[in-house]
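Asker: Sequence plus the predicted model coming up.
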Amino acid sequence: MSSIPQVATTLQTVLGPDLEPIGRQTGLIQRLRKVSAEILLKMLVFTLLKCPSPKTKNYVSSAAQLGLIITERAVKKRFTPQLVTFLRAVLARLMQHMMASSPVDTPLLAKFTSVRVGDSTTVMLPADCAREFPGCGGKSGSATAALKIQVLWDLTTGRLLKVLIEPGRHSDAKSAAIEETPPARSLSLWDLGYFCLKRFRRWTAAGAFWISRWQPGTVVLTPEGTPLDLLPRLHQHTWDGPLDIAVLLGSTERVACRLIALRVPPEVAARRRQKAYEKAQKSGRTPTREHLQWCDWTILVTNCSPELLTWKEVVVLYRTRWQIELLFKLWKSHNRLATHAESQSVAWQMAEFWAKLIGVILQHWLLLTMTWLDSQRSLRKAATVLRDWITVLQEALGDVARLCDALSRMQAAIAAEARVNVRKKQPSWFQLLKNPELLEYTY
């Protein structure tokens, strides 16, 4: 569990004097001077947490609050390739101190040792970065350089288990983020881009659980090995409730699992068909009739038995995957992680990116400590409160007692301002986790 004293001590460690050797090793600091590696990192990270699209004068102001009087010209001279190398080294060091909360008190999540949600988000980079971080190109050539941030997040303790940086062109299905076999009795939830029958077989053999959407085109067999034409089978399904059957997936792998098919409301199916037409038109084609028919269904596959999870619990748990999308939205919208000062040099843009990424990790630690055990929390609202407290935390960082006091007061402010209301219609995520029977589904 990450208590306030523990987080305060860790913040002092990762933002403290131990940064100086890294500064010298990366060439950032070549001789003793008033601008130390420690002060420079704090200036960058705290400025970007307060003002994600800063002007040079904002850095000058932050430096002054840290006791360093520096000119705008001197600030500009610090944005060098050596600073970029230094920040990347600091991020690697930061990942060795990942924080975790006590497990949330939710019976549905408590059925597993951990509930691991994984996904990636892409950040476009200046074209000069294409050699290290090649993108996928595109008709305009605007995506020649990009990177992917692969994140694996435990929703029971809030801990970021992995934060990996990969080239934007790299396939999600082959990412190192998903190659490690999860622990026994854990539950893994990944997007369809990571779908792999060999992986599911390996995870099942290790005693780990998983839930995924079904990949259209994947062979479906009966438990006896007879081919099952799924679409006609769905059309024959007329009784109340979803189709919930045991199947084998893959003609070769034959992964034993459970298939749950739910008919979606007409308006949802219509939106899916519209997106299918728009996507197909970009390639100069039209979607097939069969593809349009699949738009009527949401199909999940899992190795969780009906005795372990009801179909509603499976649906609610898979919906928790949306939380990582909200995390990425927080980083990109609130912290503007993917926004660059295009008028500045490549070194400037990349230094701000790495400093922002360090900042969102520190922000996550703080929000974890302040809010995680409150199921009605809103990370977005809590992050807004945190922004108002950055200056207070910055000034208290040198003294553990003052920092603990500031964190305690900030926790009270977040508790008062960052809650999600209980809804009678369309229950929120935390309501569904507490009571999956609130899930409303029209067949």
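Answerer: Nice, thanks for sending it over.
Asker: secondary structure element for residue 151?
Answerer: In the assignment (DSSP states H and E), residue 151 maps to strand 143-154.
Asker: Show me what that strand is packed against.
Answerer: Judged by 3 or more C-beta pairs under 8 Å, 6 or more residues apart in numbering; DSSP states H and E, strand 143-154 is in contact with strand 115-124, strand 134-137, strand 160-167, helix 322-329. Where C-beta positions appear, they are placed from N, C-alpha and C, glycine not excepted.
Asker: Check which strands are paired with it and give the direction for each one.
Answerer: strand 115-124 (antiparallel), strand 134-137 (antiparallel), strand 160-167 (antiparallel) (DSSP bridges).
Asker: Against residue 26, how distant is the nearest residue to residue 10 once chain neighbours are set aside?
Answerer: The shortest distance from residue 10 to any non-neighbouring residue, by C-beta to C-beta, 6 or more residues apart in numbering, is to residue 97 (5.5 Å). Counting by C-beta to C-beta, to the nearest Å, the separation of residue 97 from residue 26 is 19 Å.
Asker: Settle it for me: which of the two has more neighbours?
Answerer: Between residue 97 and residue 26, counted using other C-beta atoms under 10 Å, residue 26 has the larger neighbour count: 19 against 12.
Asker: give me every residue that touches the more buried one.
Answerer: Residue 26 makes contact with 82, 85-86, 89, according to C-beta atoms under 8 Å, 6 or more residues apart in numbering.
Asker: Could you do residue 348 as well?
Answerer: 79, 341.
Asker: Where does it sit: helix, strand or coil?
Answerer: Residue 348 carries the three-state label helix when classified by DSSP: H, G, I helix; E, B strand; the rest coil.
Asker: Give me the pLDDT for it.
Answerer: What the model reports as pLDDT for residue 348 is 96.
Asker: With residue 239 instead?
Answerer: pLDDT at residue 239 comes out at 65.
Asker: Please dump the helices and strands packed on strand 143-154 into TSV; it should also carry mean neighbour count, mean pLDDT and distance to residue 225 for every row.
Answerer: Output for the helices and strands packed on strand 143-154, formatted as TSV (neighbours: other C-beta atoms under 10 Å; pLDDT from 0 to 100; distance: least, C-beta to C-beta, whole Å):
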stretch	mean neighbour count	mean pLDDT	distance to residue 225
strand 115-124	22	96	31
strand 134-137	17	86	39
strand 160-167	18	95	37
helix 322-329	16	95	35
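Asker: Dump these into a markdown table; add distance to residue 351 as well.
Answerer: A markdown table is the format used below for the helices and strands packed on strand 143-154 (distance: least, C-beta to C-beta, whole Å):
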| stretch | distance to residue 351 |
| --- | --- |
| strand 115-124 | 14 |
| strand 134-137 | 20 |
| strand 160-167 | 15 |
| helix 322-329 | 22 |
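Asker: For stretch 208-222, buried residues please.
Answerer: 208-212, 214, 218-221 (16 or more other C-beta atoms under 10 Å).
Asker: Just the C-alpha atoms of it, please, in PDB.
Answerer: Extracted in PDB, the C-alpha atoms of stretch 208-222 (Å, rounded to 0.1, in the frame of the first residue of the first chain):
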ATOM      1  CA  ALA A 208      -4.700 -17.300 -15.500                       C
ATOM      2  CA  PHE A 209      -8.100 -16.000 -16.700                       C
ATOM      3  CA  TRP A 210      -8.800 -13.800 -19.700                       C
ATOM      4  CA  ILE A 211     -11.700 -12.100 -21.500                       C
ATOM      5  CA  SER A 212     -11.600 -10.800 -25.000                       C
ATOM      6  CA  ARG A 213     -13.800  -9.800 -27.900                       C
ATOM      7  CA  TRP A 214     -14.100 -12.500 -30.500                       C
ATOM      8  CA  GLN A 215     -12.000 -11.900 -33.600                       C
ATOM      9  CA  PRO A 216     -14.300 -12.200 -36.700                       C
ATOM     10  CA  GLY A 217     -13.100 -14.900 -39.000                       C
ATOM     11  CA  THR A 218     -11.700 -17.000 -36.100                       C
ATOM     12  CA  VAL A 219     -12.900 -20.700 -36.500                       C
ATOM     13  CA  VAL A 220     -15.500 -21.700 -33.900                       C
ATOM     14  CA  LEU A 221     -16.000 -25.400 -33.100                       C
ATOM     15  CA  THR A 222     -18.300 -27.200 -30.800                       C
END
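Asker: That one: how far from the chain's middle?
Answerer: Put simply, stretch 208-222 sits 23 Å off its chain's centre (C-alpha atoms, centre = their mean, to the nearest Å).
Asker: OK, contacts around the most centrally placed residue in the chain?
Answerer: Taking C-alpha atoms, centre = their mean as the criterion, residue 324 is the residue nearest the geometric centre of the chain, at 4.1 Å. Contacts for residue 324 (C-beta under 8 Å, 6+ apart) come out as 117-119, 151, 153.
Asker: Verify the contact between residue 66 and residue 40 for me.
Answerer: No: in this structure residue 66 lies outside contact range of residue 40 using C-beta atoms under 8 Å: 9.6 Å.
Asker: Which one of these two is surrounded by more residues?
Answerer: Neighbour tally, residue 66 and residue 40, criterion other C-beta under 10 Å: the higher count belongs to residue 40, 26 against 18.
Asker: if I look at the more buried one, how far off is residue 60?
Answerer: For residue 40 relative to residue 60 (C-beta to C-beta), the value is 13 Å.
Asker: quick one: the strands in this structure?
Answerer: 115-124, 134-137, 143-154, 160-167, 187-190, 209-213, 220-221, 243-249, 255-263, 297-302 (DSSP state E).
Asker: Which of those sits closest to residue 8?
Answerer: Nearest to residue 8, of all the strands of the chain, is strand 160-167, at 19.2 Å by C-beta to C-beta.
Asker: Can you give the contact residues for the closest one?
Answerer: Here strand 160-167 makes contact (C-beta under 8 Å, 6+ apart) with 95, 98, 116, 118, 120, 132-135, 146-154, 175-177, 361, 364.
Asker: re the thing from before, for the contacts of residue 26, work out which two are farthest apart.
Answerer: Counting by C-beta to C-beta, the most remote pair of those is 82 and 89, 10.6 Å apart.
Asker: ok so, going back, out of the helices and strands packed on strand 143-154, flag the one nearest residue 50.
Answerer: Comparing those by their distance to residue 50 (C-beta to C-beta), the top pick is helix 322-329, with 19.8 Å.
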